[in-house]
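Engineer: pasting a predicted model and its sequence here:
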Amino acid sequence: CVCVCVCLLAYFSIHAWGELGLRNPPLTPSTALYYAAEHTATVSGLAVLASAANLTPHRGIRPWWFVHRLARAVENPHVARAIKPVARFVMTNLHGFHPRFSTEELFHGWRRATTLCFNTHARLCEQLRAANMPTFAAWSEDDHLIEKHISEAMAAALPPGPRLPFPKGGHMLVKTRASELSEALATWMHLPKA
């Protein structure tokens, strides 16, 4: 049995691939949703933790029409080269990501966020509901990028299961609430306490 954790995949894809010696892995919140929906026979549950895999664009990627078009334009290497410093500025100064990440890492994180497919997320949630996939969802109500109502709508679209909204925790819930999350996930997955 496998339990897929959306936020951890997103965390490793955006924040820690350099530390792991990886170069631009294709792991995203969308990947975890897709994997869980397409492998219901082998996946025993899905944990969605402060995830960017939502049903509508969050404030960090709005206005969506502009951001999505810009993301398509950076497929041109000349446009990408010009946009990378801008993406770095936005990610570090406006979105609060740590400046220790390279411009390339921040650019790839921005690219993943700007190429989400919200209709696909809705379809995958329907598949997960049809399969009655056990789900766990946690988010922070003070996330500066993903608004509370967006996280609540995603949690409502998923099959029923434990919901853990934190009044405080910011965008990096896996860091700021690591002990509470690990305890709640261990309980949900019926793991022995350490």
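Structural biologist: Done, it's in. Bear in mind that the values here come from a model prediction, so they are computed numbers and not experimental data.

Engineer: so Glu75 sits in a strand?
Structural biologist: No - assessed by DSSP: H, G, I helix; E, B strand; the rest coil, Glu75 does not belong to a strand; its assignment is coil.

Engineer: which helix or strand contains the residue in the chain sticking out farthest from the centre?
Structural biologist: In the chain, counting by Cα atoms, centre = their mean, His78 sits farthest out from the average C-alpha position, at 28.1 Å. Here His78 sits within helix 77-89, counting by DSSP states H and E.

Engineer: next secondary structure after that helix?
Structural biologist: Downstream of helix 77-89 (by DSSP H and E), the next one is helix 103-113.

Engineer: which other helices and strands contact whatever helix or strand comes next after that following helix?
Structural biologist: Following helix 103-113 in sequence order, the next helix or strand is helix 118-130 (DSSP H and E). On a contact count with 3 or more Cβ pairs under 8 Å, 6 or more residues apart in numbering; DSSP states H and E, helix 118-130 meets helix 29-38, helix 148-157. C-betas here are computed from N, CA, C, even on glycine.

Engineer: residues near Trp65, how many?
Structural biologist: Burial measure for Trp65: 9 neighbouring residues, criterion other Cβ atoms under 10 Å.

Engineer: how much space between it and Met154?
Structural biologist: 21 Å (Cβ to Cβ, to the nearest Å).

Engineer: closest one to Phe101 among the helices and strands packed on helix 118-130?
Structural biologist: Evaluated over the helices and strands packed on helix 118-130, closeness to Phe101 peaks at helix 29-38, with 18.2 Å, by Cβ to Cβ.

Engineer: buried residues of that closest one, list them for me.
Structural biologist: 29-37 (16 or more other Cβ atoms under 10 Å).

Engineer: only C-alpha atoms, please: export that helix in PDB.
Structural biologist: The C-alpha coordinates for helix 29-38 follow below in PDB (Å, rounded to 0.1, in the frame of the first residue of the first chain):
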ATOM      1  CA  PRO A  29       1.000  18.500  -6.400                       C
ATOM      2  CA  SER A  30      -0.800  17.700  -9.700                       C
ATOM      3  CA  THR A  31       1.400  14.700 -10.100                       C
ATOM      4  CA  ALA A  32       0.400  13.300  -6.700                       C
ATOM      5  CA  LEU A  33      -3.300  13.900  -7.400                       C
ATOM      6  CA  TYR A  34      -3.000  12.200 -10.800                       C
ATOM      7  CA  TYR A  35      -1.100   9.300  -9.400                       C
ATOM      8  CA  ALA A  36      -3.600   8.700  -6.600                       C
ATOM      9  CA  ALA A  37      -6.600   8.900  -8.900                       C
ATOM     10  CA  GLU A  38      -5.000   6.600 -11.500                       C
END
